[in-house]
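Engineer: I would like the atomic coordinates for the input below:
(one chain, ligands or ions: 1)
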Amino acid sequence: MFRKLSSQALKRMAYLEELDQQDRTDGTPRSRRLRQINRATGEFLSILAVNAPTGELIEIGTSAGYSTLWLALAARERQQKVKTFEIDPEKIALAQETFHLAGLEEYIEIISGNFLQSGVSLAPISFCFLDAEKELYEPCFQLVAPKLVTSGLLVADNAIDQYEGIKPMIDAALADERFDCLTVPIGNGEFICRRT
Ligand SMILES: C[S@@+](CC[C@H](N)C(=O)[O-])C[C@H]1O[C@@H](n2cnc3c(N)ncnc32)[C@H](O)[C@@H]1O
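Structural biologist: Numbers count the residues shown, from 1 in each chain. As a prediction, the model looks like this:
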């Protein structure tokens, strides 16, 4: 999968990695920062998503589309699209530029608006990457959980660096007998829920 990354996709990824590093320290307000995952986490998500069972691949929180590119590699391998949800119009424009420049737009559908409103009609989901505002994790989990197919995965970012912020979702998942859960110490910590 990663071996098939084109030079144009690698170039856009490198550009976004630099921008993300820069905006963490240059005083850019939080709402404008990219706040993206790192490369190892992207590779990890890609491998999980490509091996997920049949169903929709979705992402909640696109930002500039860095994590989406990694999921698009899995989507391309599976001959489907990843659906990614983003609420901020400026981030949507940046993400559209990312998908075009990386040459992966045919494997991505970007859905604008609040996931909690626009995601309700989704078909069975096989893989969900959850990376929006932390107080939204628990309601997003409640929306996605019943739509996950058997062996489907929900992966939530920031399970270590923002544990307290996403604890309501972690507690809900751990108490839910439909799921096996664990935290993987990669990047900011990925909390993985597998539908049994
Ligand atoms: C941490 S960033 C996502 C980073 C991205 N996944 C990456 O690694 O490249 C969170 C994003 O979620 C978006 N967001 C916040 N609330 C949302 C909602 N209710 N629906 C859709 N997107 C939302 C924000 O605008 C922001 O761009």
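Engineer: Where does Gly152 sit: helix, strand or coil?
Structural biologist: strand (DSSP: H, G, I helix; E, B strand; the rest coil).
Engineer: my guess is it contacts Phe127, does it?
Structural biologist: Yes - assessed by C-beta atoms under 8 Å, Gly152 is found in contact with Phe127 at 6.5 Å. (C-beta placed from N, C-alpha, C; glycine too.)
Engineer: so what sits against both of these two?
Structural biologist: Counting by C-beta atoms under 8 Å, 6 or more residues apart in numbering, the contacts common to Gly152 and Phe127 are 52, 55.
Engineer: who's more crowded, those two?
Structural biologist: Higher neighbour count among Gly152 and Phe127: Phe127, with 27 against 23, using other C-beta atoms under 10 Å.
Engineer: host element of that one?
Structural biologist: In this assignment (DSSP states H and E), Phe127 forms part of strand 125-130.
Engineer: Would you tell me whether stretch 168-175 gets close to the ligand?
Structural biologist: No - using C-beta under 6 Å from any ligand atom, stretch 168-175 never reaches the ligand; the gap is at least 13.9 Å.
Engineer: re earlier: ok now the strand holding Phe127, how far from the chain's centre?
Structural biologist: Using C-alpha atoms, centre = their mean, to the nearest Å, the mean C-alpha position of strand 125-130 is found 8 Å from that of the whole chain.
Engineer: what does stretch 128-145 give?
Structural biologist: The chain centroid and the centroid of stretch 128-145 are separated by 10 Å, computed with C-alpha atoms, centre = their mean.
Engineer: Show me which residues of this protein sit near the ligand.
Structural biologist: Close to the ligand, as judged by C-beta under 6 Å from any ligand atom, the chain has residues 35-37, 60-61, 63, 66-67, 85-88, 91, 114-116, 131-133, 136.
Engineer: For those residues, which PyMOL command selects only the ones that are buried?
Structural biologist: Selection of buried members from the residues of the chain next to the ligand for PyMOL, criterion 16 or more other C-beta atoms under 10 Å:
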select buried, resi 35+36+37+60+61+63+66+67+85+86+87+91+115+116+131+132+136
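Engineer: Pick out the residue nearest the middle of this protein.
Structural biologist: Residue closest to the average C-alpha location in the chain (C-alpha atoms, centre = their mean): Phe129, at 3.5 Å.
Engineer: leaving aside the residues next to it on the chain, what's closest to it?
Structural biologist: By the measure of C-beta to C-beta, 6 or more residues apart in numbering, the closest residue to Phe129 outside its immediate chain neighbours is Glu59, 4.5 Å from it.
Engineer: Report the secondary structure element holding the one you found.
Structural biologist: Per DSSP H and E: Glu59 is located in strand 56-60.
Engineer: Which elements pack onto that strand?
Structural biologist: Secondary-structure packing of strand 56-60 (3 or more C-beta pairs under 8 Å, 6 or more residues apart in numbering; DSSP states H and E): helix 66-78, strand 82-86, strand 125-130.
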